[in-house]
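> My questions are about this predicted structure, shown below with the sequence.
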Amino acid sequence: MKILIQQLARLGDIYISWPAVRALRRQYPDAEIHFLTRPRFEGAVQGLTAIDRHISMPSGSILEPLVQENPDIAGALAKLENFIAPLKAENYDWIINLTFSPFSSYLTHALSTENTRVSGYSRFDDGYFRPCDEMSAYFYAQVGIGKANRVHLADIFASMLNLEYVEADWATAEGITSDIQLPEGYMVVHVGASERQKALSSFTWASALNAIAAERPNTAVALIGANSEVIQAQEIIDQCKNLRFFNYVGKTQISDLFAIIQKADLLLGCDSAPIHVASLTDTPTLNISVGAVNYWETGPKASLAFILRSEQETAQLGEKIGSVVNQLLSGVVDQDLIVRSSGLASYAKEDETAADAFQWNLVQAIYLGMPYPMADRVEIVQAALKLNEINSFIMDQIALIPSVGLERVAPLIEQGEEIIKTVSRIVPEMSPLINWYHAEKIRIAPGSQEEIRSATLQVHQAFAQQLQVYIPQEEVQIAEAKDGTL
């Protein structure tokens, strides 16, 4: 079997993919596994011995004709075709797209043949979006900022591929060496983040480190980061006088991260790749989560992993970080920390509201067969009634298509769909169910008008069944009486 795994996202996402790749190798020991990344992040496959071949997609070269004063679309497409043609000739038996992006879905479709098994995002032959399996449909419907998912991305990968992890899947890099030399007993601080808005200022990091130094003078601190963070690292050092710094910012290869992080007493960092390296080296980790971050989806997975959550960077955050670190190094867990746990959700949602809990429980009911959450607001029941009414109306219009034609009923169906979207905004508790409904409709394959009509009707019927949980029994009896079933 020949397998292609696409991971065209950023550095941290590649490291999150490592356990799934290793589990896949265990499941298919004789398979030939190829791993596709962008050139900028190709260093993140060093030490991943579970793959047979690494392929680097020349995205910069492909896009170059499009960023000229007079964009050359034909030239860009020709370069893309030159990249795709030899890959398609590999005749992959299975293409696994771990990227979940529009571009990756087009690439997956371009590389697939009619006999290729596909997992993740792809496209139908008519170009419309296609989540190829239950878990990629789940990702489309429930994962992302403002949505209800609590499942870590690494666990989503495993579920999508029907794999179960073992301890060996979460292991450090193999077969790479580093000249990095550090003393016994040190902590690592990653001064940057995956995105600027998720990073801390030099002042906040210095405040944190000075608070640590006040109780633990002469502590050894290894600073890591990218070339773009060299100035910030020096600013931190200049503001801290009672610590021993080992400054590796802008001076290391990606593979050096494992050597620096593996033996550390603690890694401090915001949302970033080192957090995920620490998950592989099982290094105790404090993740400073700032801004629009779903930490339950991308937080650290080390055995001792903690999250300090702040909606925004404040003047007091640095001192709080320092206090938390001093307690952790003394074996005490601050009450404000979010602690990693076992189970489906790696982390509980901070300051969970009743609406948050309802949405997550509804997700588990829809996808895992768990009990449906009780409606604790009359608005939830009202929303279910309205959704049921609109859904019934749409089904009536769908039933009319053979006799009156699609063109006549399409505007009415579109109006109904707009109302369903509005309900999702007004009563967010119902959004997981509405998101599931939209994802199921997207999964309908191209076909004849009758095939599409029949498949669409089935989705609406399934939607109606889900809604019945929140429809008062007397309303059901009234509806049945109107239908002449009583």
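Nice, I can see it.
> Are we agreed that Glu90 is in a helix?
No: secondary structure of Glu90, determined by DSSP: H, G, I helix; E, B strand; the rest coil: coil, with no helix assignment.
> so it touches Ile3, yeah?
No: the pair Glu90 / Ile3 is not scored as a contact, 10.2 Å apart, by CB atoms under 8 Å. Every residue, glycine included, has its C-beta placed from N, CA and C.
> Give the residues shared as contacts by those two.
Common neighbours of Glu90 and Ile3 (criterion: CB atoms under 8 Å, 6 or more residues apart in numbering): His34.
> These two - which one has more neighbours?
Set side by side, Glu90 and Ile3 show more neighbours around Ile3, with 22 against 15, by other CB atoms under 10 Å.
> Just say helix, strand or coil for that one.
Under three-state DSSP, Ile3 falls in the strand class.
> residues in contact with it?
Listed by CB under 8 Å, 6+ apart, the contact partners of Ile3 are Leu24, Tyr28, Ala31, Glu32, Ile33, His34, Tyr92, Asp93, Trp94, Ile95, Ile96.
> Quickly list what it is bridged to.
Residues in a beta bridge with Ile3, per DSSP bridges, are Ile33, Trp94.
> returning to that earlier point: pull out the buried residues from the contacts of Ile3.
Leu24, Ile33, His34, Tyr92, Asp93, Trp94, Ile95, Ile96 (16 or more other CB atoms under 10 Å).
> where does the stretch 301-450 of the chain dip in pLDDT?
Judged against pLDDT under 70, the stretch 301-450 of the chain has no low-scoring part.
> Just the helices from it, written as ranges.
For the stretch 301-450 of the chain, applying DSSP state H, counting those that start in this stretch gives helices covering 317-329, 354-368, 378-404, 406-426, 431-442, 449-467.
> same check, this time on the stretch 101-250 of the chain
Along the stretch 101-250 of the chain, counting by DSSP H, counting those that start in this stretch, helices occupy 102-111, 134-142, 153-160, 202-215, 230-239.
> What's the separation between the residue nearest in space to the middle of the chain and Lys147?
Centroid-nearest residue in the chain, with CA atoms, centre = their mean: Leu153, separated by 4.7 Å. Here Leu153 is placed at a distance of 13 Å from Lys147 (CB to CB, to the nearest Å).
> Then Asn115?
Separation of Asn115 from Lys147 (CB to CB): 34 Å.
> Counting neighbours, go ahead and name the busier of the two.
More neighbours surround Lys147 than the other of Asn115 and Lys147, with 17 against 8 (other CB under 10 Å).
> doesn't Ala439 make contact with the more buried one?
No: Lys147 lies out of contact with Ala439 (CB under 8 Å); the separation is 11.6 Å.
> Show me the domain layout of the chain.
For the chain, the structural domains run 2-169, 187-339, 368-482, going by automatic domain parsing.
> In a markdown table: these, plus distance to Tyr347.
Formatted as a markdown table, these follow (distance: least, CB to CB, whole Å):
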| stretch | distance to Tyr347 |
| --- | --- |
| domain 2-169 | 8 |
| domain 187-339 | 4 |
| domain 368-482 | 18 |
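> What is the neighbour count of Ala383?
Other residues near Ala383 number 24, with proximity taken as other CB under 10 Å.
> ok now do it, which residues does it touch?
Applying CB under 8 Å, 6+ apart to Ala383 gives the contacts Val423, Ile426, Val427, Glu429, Met430, Tyr470.
> For the residue nearest to Ala365 when sequence neighbours are not counted, give its distance to Tyr470.
In space, and not counting its chain neighbours, Ala365 is closest to Tyr372: 4.4 Å by CB to CB, 6 or more residues apart in numbering. Taking CB to CB as the measure, Tyr372 falls 8 Å from Tyr470.
> One more: Ala220?
From Ala220 over to Tyr470 the distance is 58 Å, taken as CB to CB.
> Looking at these two, which one has more neighbours?
Comparing Ala220 with Tyr470 by other CB under 10 Å, the one with more neighbours is Tyr470, at 23 against 17.
> That one reaches Ala375, doesn't it?
Yes: using CB under 8 Å, Tyr470 makes contact with Ala375 at a distance of 5.5 Å.
> what do the two both touch?
In contact with both Tyr470 and Ala375: Val381, Ala384, using CB under 8 Å, 6+ apart.
> and the contacts of Ala383, which two are the farthest apart?
Spanning the widest gap among those are Ile426 and Tyr470, at 15.0 Å by CB to CB.
> returning to that earlier point: tell me which of the domains of the chain sits nearest to Glu352.
Using CB to CB, the domains of the chain put domain 2-169 closest to Glu352, at 10.0 Å.
> tell me how far that closest one is from the chain's mean position?
14 Å (CA atoms, centre = their mean, to the nearest Å).
> first vs last residue of it, how far apart are they?
End-to-end distance of domain 2-169: 21 Å, with CA to CA, to the nearest Å as the criterion.
> could we number from 206 for the rest of this?
With 206 as the first residue, the last one maps to domain 207-374.
> Quick one: the helices of the stretch 306-455 of the chain as JSON lines, columns for distance to Asp541 and mean pLDDT too.
Listed next are the helices of the stretch 306-455 of the chain as JSON lines, based on distance: least, CB to CB, whole Å; pLDDT from 0 to 100:
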{"stretch": "helix 307-316", "distance to Asp541": "38", "mean pLDDT": "92"}
{"stretch": "helix 339-347", "distance to Asp541": "28", "mean pLDDT": "96"}
{"stretch": "helix 358-365", "distance to Asp541": "25", "mean pLDDT": "96"}
{"stretch": "helix 407-420", "distance to Asp541": "14", "mean pLDDT": "97"}
{"stretch": "helix 435-444", "distance to Asp541": "23", "mean pLDDT": "96"}
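> Distance to Arg245 for those - can I get that in JSON lines?
Below are the helices of the stretch 306-455 of the chain laid out as JSON lines (distance: least, CB to CB, whole Å):
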{"stretch": "helix 307-316", "distance to Arg245": "15"}
{"stretch": "helix 339-347", "distance to Arg245": "24"}
{"stretch": "helix 358-365", "distance to Arg245": "20"}
{"stretch": "helix 407-420", "distance to Arg245": "25"}
{"stretch": "helix 435-444", "distance to Arg245": "18"}
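> among the ones you listed, which is nearest Leu513?
Comparing those by CB to CB, helix 407-420 comes nearest, at 10.2 Å.
> The closest one to helix 435-444, inter-axis angle?
Here helix 407-420 runs at an angle of 40 degrees relative to helix 435-444 (axes from the mean of the first three to the mean of the last three CA atoms, to 10 degrees).
> Give the other helices and strands that helix 407-420 contacts.
Contacts defined by 3 or more CB pairs under 8 Å, 6 or more residues apart in numbering; DSSP states H and E place helix 407-420 against strand 424-429, helix 435-444, strand 448-452, helix 522-534.
> among those, which is the most enclosed?
Stretch with highest mean neighbour count among these: strand 424-429 (a mean of 22; mean count of other CB atoms under 10 Å).
> List the residues that contact the closest residue to Leu638 other than its chain neighbours.
Nearest non-adjacent residue to Leu638, counting by CB to CB, 6+ apart: Gln671, 5.7 Å away. Counting by CB under 8 Å, 6+ apart, Gln671 touches Ile571, Leu638, Trp641.
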